[in-house]
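*Asks:* Based on what follows, work out the 3D shape:
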Amino acid sequence: MPDSLPHREEEIRTLARILITSLKGDTPSNIMIYGMTGTGKTVVSKLLMKALQDKSEILENQYFSFFMDIHSTFMPTWLDNALREAVSFLGIEELFGREVIRDIFKPVKCIYINCQQMDTQYRVLTQIANRLTPFNDEDRLPVSGLPMDEVHSRLLGKLDSSDSLIIIILDEVDRLVFKSGDDVLYTLTRINEELSNSRVSLLGISNNLHFLEYLDSRVKSSLGAEELVFHPYNANQLRDILKQRSEEAFYPEAIDYDVISYCAALAAQENGDARKALDILRVSAEMAERDHSPKLSDIYVRQAQKKIEMDRVNQVVRTLPLQTKLVLYSILQLKLGGRIKTTTKEVVETYSNYAQRLDLTVLGRRQVVNLMGELDKLGLIQSKVISFGRHGRTTVVEANVPSTEILNNLHNGILSRLKGIRPRLIYNTSF
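*Replies:* Numbers count the residues shown, from 1 in each chain. As a prediction, this is how the structure comes out:
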């Protein structure tokens with residue numbers, strides 16, 4: 001994680017103004033951060049959380065020193081020195097007792113949860129509880145199997161026993177809510193009512209600007225979040241970010257400024273995604289290094305962009321359900337056979353033939369069309385309705401991905417049995 005983030009100074013200042021109250025012992029407002037992928041939401045949040053925890057540790061020691069300075073006027077020098085020496089060996093809490101120290105200062109703890117991975121209420125709550133529990137402690141909550149009331153009870157105990165101000169980052173919280181509902185948000189926004197020694201504040205991160213509209217009115221009310229929007233980077237801003245990172249990663253003679261500008265321009269075309277820009281620069285550098293090239297050139301940048309895009313497509317294809325894969329397989333086989341643009345009828349019939357060969361349940365036309373709609377949303381195919389006037393209209397389908405590479409990816413598992421089998425149907429329709 002970088003020490004500084006160009007062109008996010010205003011967002012950092014805004015977020016810091018909200019969170020700084022935690023260092024005074026107050027519970028900061030809940031916060032919702034919005035923005036497209038690669039706009040710096042997560043890295044800014046993590047950077048600020050690290051700064052808060054570091055500052056909290058410094059202040060805790062300063063409060064202790066202040067506490068000692070006040071009381072040293074009433075104790076002999078030898079005792080004052082002995083106590084300070086004991087603290088350096090044992091720690092403040094061990095020597096004076098947790099209750100005494102927490103009355104002086106309440107530390108800030110930050111817990112980061114990736115809701116794409118922890119996508120149920122059970123997983124989120126157990127993850128929070130376990131982040132407050134030593135790794136080898138027998139009291140850690142299991143990944144499944146407990147009733148929710150027990151999870152809730154044990155979470156409350158761990159939160160309160162931490163005697164801290166706890167900021168919980170819920171990254172991609174929209175994914176969690178869309179999959180599992182907003183019960184977890186309701187639980188966490190009301191949890192302070194059940195705590196005696198600790199306080200909890202939430203920081204949600206979402207790619208969906210309209211996320212709050214999907215929440216129950218009770219959840220929205222108890223969340224009461226301050227909102228912050230991260231706007232996409234432009235090409236000049238991306239260039240500054242890449243320049244900062246390249247100065248840390250490359251020798252000066254190994255990269256030209258023009259190459260950095262080219263990487264920035266490519267990423268700026270796709271919603272100003274800084275993560276994409278950094279990935280292009282990283283992958284192109286890896287390619288140049290493998291070729292023992294002394295300098296990074298535009299050629300490697302173009303190759304890197306193609307590789308990243310194919311990796312993304314292959315990852316999406318690998319996770320598709322079997323029937324959806326078979327529909328895509330049918331479209332790609334038609335394309336490979338010369339049908340660059342094909343009709344819904346051709347796709348349905350080709351799919352049906354393949355499904356019968358594999359002894360799969362053959363889906364009806366409407367179901368196949370629905371799966372084609374899902375593939376269209378993912379950008380793997382493109383559908384367009386063409387009108388023939390009084391002769392009616394038809395939907396034309398075109399694959400947006402390279403046939404050979406994706407078919408090789410699909411030729412695993414049960415679909416490997418279709419290798420070498422071309423579509424049976426031959427059509428003469430032209431568009």
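
*Asks:* Could you use CA atoms for every contact and neighbour count after this?
*Replies:* Fine.

*Asks:* remind me which residues of the stretch 101-250 of the chain are low pLDDT?
*Replies:* By pLDDT under 70, the low-scoring segments of the stretch 101-250 of the chain are 101-105.

*Asks:* Next, Val397: secondary structure please.
*Replies:* Following DSSP: H, G, I helix; E, B strand; the rest coil, Val397 is assigned to strand.

*Asks:* per-domain residue ranges of this protein.
*Replies:* As given by automatic domain parsing, the domain ranges for the chain are 9-230, 235-316, 320-418.

*Asks:* Mind putting those into CSV with mean neighbour count and distance to Asp3?
*Replies:* Listed next are those as CSV, based on neighbours: other CA atoms under 10 Å; distance: least, CA to CA, whole Å:
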stretch, mean neighbour count, distance to Asp3
domain 9-230, 16, 8
domain 235-316, 17, 11
domain 320-418, 16, 35
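
*Asks:* which residues in the stretch 201-350 of the chain form strands?
*Replies:* For the stretch 201-350 of the chain, applying DSSP state E, counting those that start in this stretch gives strands covering 226-230, 341-343.

*Asks:* For those, give me a markdown table that also has distance to Leu212.
*Replies:* Shown next, in a markdown table, are the strands of the stretch 201-350 of the chain (distance: least, CA to CA, whole Å):
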| stretch | distance to Leu212 |
| --- | --- |
| strand 226-230 | 10 |
| strand 341-343 | 40 |
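
*Asks:* Among those, which comes closest to Val44?
*Replies:* Nearest to Val44 among the strands of the stretch 201-350 of the chain is strand 226-230 (10.2 Å), distances taken as CA to CA.

*Asks:* Quick check: the residue nearest to Leu195 when sequence neighbours are not counted vs Lys24, distance?
*Replies:* In this structure, Leu195 finds its nearest non-sequential neighbour in Asp160, 6.0 Å apart by CA to CA, 6 or more residues apart in numbering. As judged by CA to CA, to the nearest Å, Asp160 and Lys24 stand 19 Å apart.

*Asks:* now do Gln53
*Replies:* Counting by CA to CA, the gap from Gln53 to Lys24 is 13 Å.

*Asks:* Low-confidence stretches in the stretch 301-431 of the chain?
*Replies:* 387-392, 424-431.

*Asks:* hmm, try it at 80
*Replies:* 338-340, 385-395, 420, 422-431 (pLDDT under 80).

*Asks:* Please list all residues in contact with the residue nearest to Leu195.
*Replies:* Counting by CA atoms under 8 Å, 6 or more residues apart in numbering, Asp160 makes contact with 195-198.

*Asks:* In three-state terms, how would Leu363 be classified?
*Replies:* Strictly by three-state DSSP, Leu363 counts as coil.

*Asks:* Nearest residue to it in space, please, no chain neighbours.
*Replies:* Leaving aside its sequence neighbours, Leu363 is closest to Ser352 (7.6 Å, by CA to CA, 6+ apart).

*Asks:* Please, which helix or strand holds that neighbour?
*Replies:* Secondary-structure assignment from DSSP states H and E places Ser352 in helix 344-357.

*Asks:* how far out from the middle of the chain is that helix?
*Replies:* 37 Å (CA atoms, centre = their mean, to the nearest Å).

*Asks:* So which elements touch that helix?
*Replies:* helix 322-336, helix 365-377, strand 393-399 (3 or more CA pairs under 8 Å, 6 or more residues apart in numbering; DSSP states H and E).
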